[in-house]
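Participant: what would the 3D arrangement of this be:
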Amino acid sequence: MNAARPRAAVLVVLFGVLTAGCSGAGGAQDADRRTAAAVVSALRDRGVAAAAPAWCAPGSPGAPIAPGVVAPTFHDESLPGPQDPRRIADGAVVEVLATPEAAAARRRQIADQVRLAGEFGYDEGGQPLALEHTLVAGRVVLRVAPDVRGERLAAYRAGVQEATGGADRGPPPSWGTVECLT
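Facilitator: Prediction:
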């Protein structure tokens, strides 16, 4: 077992306790959080080593710009190297948008950011941006690390498709909040 994992889990739980009830989210945002949590759960059910999930803080560099978008992030323990759950390069980010059209527009926006980063070496926010897999299912955008390939990428694709099928998995989890990076 990764020695850093227990510390990360304790920090996520501690941060979750400290920030519980601070957002005032309810209604649609709770439903979006349940959808996002269902995606993470479905990925785990398919063997994705999704560890240390946390909610992206609004306004952080890697968080979606659109207001009200719910976005948990996690790191994939099967990827090599240092693990930083705030970076897509180390795992994935689940973005739940208002409509399927908004999710398709987000996919186009990410493709444009990658194109700009390729031309200039960074995105419009000044952040280096690596290629990533962008999977869309309904109103969910799953942004996956570029090192995830083959059968593992198929597990991500199947998990997001399964989770967006409409099953309600209860109340949203009380994961902590982190400043997400690109």
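
Participant: what's the mean pLDDT across stretch 30-44?
Facilitator: The average pLDDT for stretch 30-44 rounds to 90.

Participant: oh, I was asking about stretch 133-151
Facilitator: The pLDDT scores in stretch 133-151 average 91.

Participant: what ranges does this structure have for its helices?
Facilitator: Secondary structure of the chain (DSSP state H): helices located at 4-19, 28-45, 100-120, 150-163.

Participant: now the angle from the last one to helix 28-45?
Facilitator: Between the direction of helix 150-163 and that of helix 28-45, the angle (axes from the mean of the first three to the mean of the last three Cα atoms, to 10 degrees) works out to 140 degrees.

Participant: quick check: which helices or strands does helix 150-163 pack against?
Facilitator: Packing partners of helix 150-163 (3 or more Cβ pairs under 8 Å, 6 or more residues apart in numbering; DSSP states H and E): helix 28-45, strand 133-137, strand 140-144. To be clear about C-beta, it is placed using only N, CA and C from the backbone, and glycine gets the same treatment.

Participant: what's the most buried one of the helices of the chain?
Facilitator: Stretch with highest mean neighbour count among those: helix 28-45 (a mean of 20; mean count of other Cβ atoms under 10 Å).

Participant: got the CA coordinates for it in PDB?
Facilitator: Taking C-alpha atoms only, helix 28-45 is exported to PDB below (Å, rounded to 0.1, in the frame of the first residue of the first chain):
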ATOM      1  CA  ALA A  28     -29.800  20.600  -8.200                       C
ATOM      2  CA  GLN A  29     -26.300  20.800  -6.900                       C
ATOM      3  CA  ASP A  30     -26.900  17.800  -4.600                       C
ATOM      4  CA  ALA A  31     -28.300  15.900  -7.600                       C
ATOM      5  CA  ASP A  32     -25.200  16.900  -9.600                       C
ATOM      6  CA  ARG A  33     -22.900  15.800  -6.700                       C
ATOM      7  CA  ARG A  34     -24.700  12.400  -6.600                       C
ATOM      8  CA  THR A  35     -24.200  12.000 -10.300                       C
ATOM      9  CA  ALA A  36     -20.500  12.800  -9.900                       C
ATOM     10  CA  ALA A  37     -20.100  10.400  -7.000                       C
ATOM     11  CA  ALA A  38     -21.900   7.700  -9.000                       C
ATOM     12  CA  VAL A  39     -19.300   8.200 -11.800                       C
ATOM     13  CA  VAL A  40     -16.400   7.700  -9.200                       C
ATOM     14  CA  SER A  41     -18.200   4.700  -7.800                       C
ATOM     15  CA  ALA A  42     -18.800   3.100 -11.200                       C
ATOM     16  CA  LEU A  43     -15.100   3.700 -12.100                       C
ATOM     17  CA  ARG A  44     -14.100   1.900  -8.900                       C
ATOM     18  CA  ASP A  45     -16.500  -0.900  -9.600                       C
END
